[in-house]
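Chemist: Pasting the sequence and the predicted coordinates here, then a few questions.
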Amino acid sequence: MRYLGQNCFLILMIFAPALSHSRVVREGYTPAPTFSPSRWTLCISQPPEDCPFQQSSIFKGLAFSDLHAEYENADTWYPSWASDGNLYSPWTDGTVEGIKSYSGGKGATTGFAKITGNDPLHLTITDVGTYPSDPSPYGGRYPCGSLVYNGVWYYGAYCLLDGGNGLNWDVLGPFVGFRWSVNYGKTWTQTPCTPSHPLFGEQSLNHEPIRIGAPHFVDFGRNMEYSPDGYAYLVAHGASQGPQGRRKAYDSWITGDEIYLIRVKPSIANINDISKYQFFAGYDKAGNAIWSGNFKKIQPIAKWMNHMGCVTMTYNAPLKRYLMCVTDGGTTLSMFNTYILESEDITGPWRLVTYMEHFGQQGYFVNIPSKFISHDGKTFWLCYAANFSGGEDGVPFRSNPPGSRYGMCLREVKIVGPNDPLLDTNILQSPDNIAPDALLTVSSVHSGYSADGAVDRVVAGFPDDTSHEWASNGQGVGAFILLRWQSDHLVNRVILFDRPNNLDQILSGLLVFSDGTSIQTKPLPDDAKQGLNVTFPPKKIRWLIFIATKVKSNSPNIGLSEIAVFKTKK
């Protein structure tokens with residue numbers, strides 16, 4: 001993720017009148033404030049070149065508001081929305097309401113808590129407790145899949161091993177099984193499974209690959225309201241190749257190669273019985289998902305070697321989409337990368353919503369609590385923890401986005417669609433926008449303005465900050481701006497933003513390129529809240545010129561708030 005001037009986020013100012021500072025909160029829904037947030041940020045999504053996931057055609061990115069909240073000093077928060085309207089979550093490795101839990105060593109414990117409230121900014125954490133679970137012969141036993149369904153709380157735990165490489169729990173151990181509570185955590189019954197005899201029979205004492213190490217329940221809403229068939233589904237990250245020839249921490253608590261999917265009809269009788277589980281085993285010739293009762297036939301629903309890790313999934317009912325959050329934990333101590341995938345079907349195919357480089361800067365355990373999804377599905381909250389290791393190579397991690405820290409972090413976000421003006425405005429910060437590198441020539445400049453205002457990556461201008469736009473000196477038709485570069489560039493896109501006032505507007509223009517081609521443009525949106533996007537087959541150019549060929553009647557000083565020119569590799 002990128003911040004302007006800090007290699008992370010671009011900060012986009014969106015001004016709107018403050019109608020009221022009151023919040024009307026309804027159960028199960030977190031509304032946006034009745035006044036607009038003062039700022040939104042859009043992650044500049046730049047996935048690695050070997051990313052196997054195509055960009056989503058309906059979701060083009062993720063924008064962050066300036067609303068966030070942080071709670072307690074522990075991590076591993078995975079809230080489950082119960083029928084009583086409350087959230088119930090595991091936690092560990094820290095202190096919650098004065099109670100401590102640590103999941104490493106023979107005396108390992110795991111924490112649990114109830115979270116009440118409907119506004120993520122004002123939640124209350126109560127009924128806190130811990131439960132002991134011996135990880136032997138492994139080194140740690142940590143929380144993972146947690147589900148409250150029909151009044152029963154199923155609480156899963158998995159094992160970890162220190163591989164002796166100076167990293168953080170760099171060997172993923174087996175998923176042990178589920179303990180359960182029939183009174184929301186007041187008392188617990190321990191799983192009959194053990195680390196030596198885990199539910200799915202996997203072991204990694206010799207660093208063997210684990211497929212189902214840290215599964216998490218797919219969040220289907222309150223009391224699994226939107227489960228398509230009554231099954232509880234779980235996603236888990238893992239690997240199928242190793243350890244020979246693999247990097248250190250190739251399959252750890254936060255790294256892996258593949259995502260797996262399993263399902264079970266949730267009940268106390270079924271939850272720790274492998275014979276009651278079904279495992280995704282690929283597709284038949286007609287493209288239908290195959291579900292097998294044989295663990296050995298399990299197949300991944302997604303894979304990207306050395307780029308996967310801890311995974312969660314939430315069904316966004318208003319949008320009818322599954323959203324899957326994946327974190328690639330690098331070395332287990334480095335900055336982490338998180339990306340969000342979407343699909344109409346729980347088995348895929350998966351498409352990229354956004355790739356958030358160095359989210360947090362070390363964000364992890366990212367999930368989307370269904371309780372805080374808006375009625376239209378476009379706004380929701382990310383729940384995560386961040387920056388447990390403090391820094392890398394002696395350099396402290398930053399809280400990026402602001403509020404990211406060790407604890408339960410909640411951050412309001414919204415899906416950006418293909419026609420959302422946020423997308424065009426924030427993409428100006430992309431390094432592929434070469435307009436700021438050009439030498440400029442303009443037909444004229446009004447006093448108090450400059451040509452540089454048209455290529456400063458900021459959409460603004462009269463009646464606010466006039467330094468961020470170019471205005472001609474009394475010109476209409478014939479006003480032009482010329483961009484020249486010192487070498488040839490292969491380009492395939494131009495975005496044009498009109499001046500934001502309601503007096504001047506370009507109704508048509510002409511883009512002329514140094515290769516001898518030209519493109520006639522349509523009217524530019526008059527308020528500059530959205531740009532005119534002009535795409536074309538790649539062409540190698542050294543200069544281009546944009547000329548206003550038709551303007552709104554009585555336009556006094558035609559110009560541009562911004563012009564962006566994008567290079568391409570092919």
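Modeler: Now that the structure is in, tell me what you want to look at.
Chemist: CA atoms only for stretch 183-191, dumped as PDB, please.
Modeler: Extracted C-alpha coordinates of stretch 183-191, given in PDB (Å, rounded to 0.1, in the frame of the first residue of the first chain):
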ATOM      1  CA  ASN A 183     -23.000 -21.800  27.300                       C
ATOM      2  CA  TYR A 184     -21.000 -19.200  25.400                       C
ATOM      3  CA  GLY A 185     -17.700 -20.000  27.000                       C
ATOM      4  CA  LYS A 186     -18.600 -20.400  30.700                       C
ATOM      5  CA  THR A 187     -17.500 -24.000  30.500                       C
ATOM      6  CA  TRP A 188     -15.700 -26.000  27.900                       C
ATOM      7  CA  THR A 189     -15.400 -29.700  26.800                       C
ATOM      8  CA  GLN A 190     -11.900 -30.500  25.400                       C
ATOM      9  CA  THR A 191     -11.600 -32.100  22.000                       C
END
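Chemist: Just the strands from the stretch 101-250 of the chain, written as ranges.
Modeler: Here the stretch 101-250 of the chain has its strands, by DSSP state E, counting those that start in this stretch, at 109-116, 124-132, 140-149, 152-161, 171-181, 216-217, 232-238.
Chemist: The closest residue to H237 other than its chain neighbours bridge partners, please.
Modeler: Residue nearest to H237 in three dimensions, not counting chain neighbours: G256, with 4.0 Å by Cβ to Cβ, 6 or more residues apart in numbering. Heads up, the C-betas are built off the backbone N, CA and C, glycines and all. As for beta bridges, G256 partners with M308 under DSSP bridges.
Chemist: From V171, how far out is G256?
Modeler: Look at G256 and V171: by Cβ to Cβ, to the nearest Å, they are 12 Å apart.
Chemist: Between these two, point out the one with more neighbours.
Modeler: G256 (36 against 28; other Cβ atoms under 10 Å).
Chemist: In this structure W485 contacts L440, no?
Modeler: No. Between W485 and L440 there is no contact under Cβ atoms under 8 Å: 11.0 Å.
Chemist: returning to what we had before: turn the strands of the stretch 101-250 of the chain into CSV, columns for mean pLDDT.
Modeler: Putting these into CSV (pLDDT from 0 to 100) gives the following:
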stretch, mean pLDDT
strand 109-116, 98
strand 124-132, 98
strand 140-149, 98
strand 152-161, 98
strand 171-181, 98
strand 216-217, 98
strand 232-238, 98
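Chemist: Save those strands as CSV, and put in distance to Q299 too.
Modeler: Below are those laid out as CSV (distance: least, Cβ to Cβ, whole Å):
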stretch, distance to Q299
strand 109-116, 30
strand 124-132, 34
strand 140-149, 20
strand 152-161, 21
strand 171-181, 18
strand 216-217, 19
strand 232-238, 12
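Chemist: closest one to S370 among the ones you listed?
Modeler: Among the strands of the stretch 101-250 of the chain, strand 216-217 comes nearest to S370, with 11.1 Å by Cβ to Cβ.
Chemist: For the closest one, name the packing helices and strands.
Modeler: If contacts are counted by 3 or more Cβ pairs under 8 Å, 6 or more residues apart in numbering; DSSP states H and E, strand 216-217 sits against strand 140-149, strand 232-238, strand 311-316.
Chemist: now the angle from the last one to strand 140-149?
Modeler: In this case it means strand 311-316. Between strand 311-316 and strand 140-149, the angle comes out at 10 degrees (axes from the mean of the first three to the mean of the last three Cα atoms, to 10 degrees).
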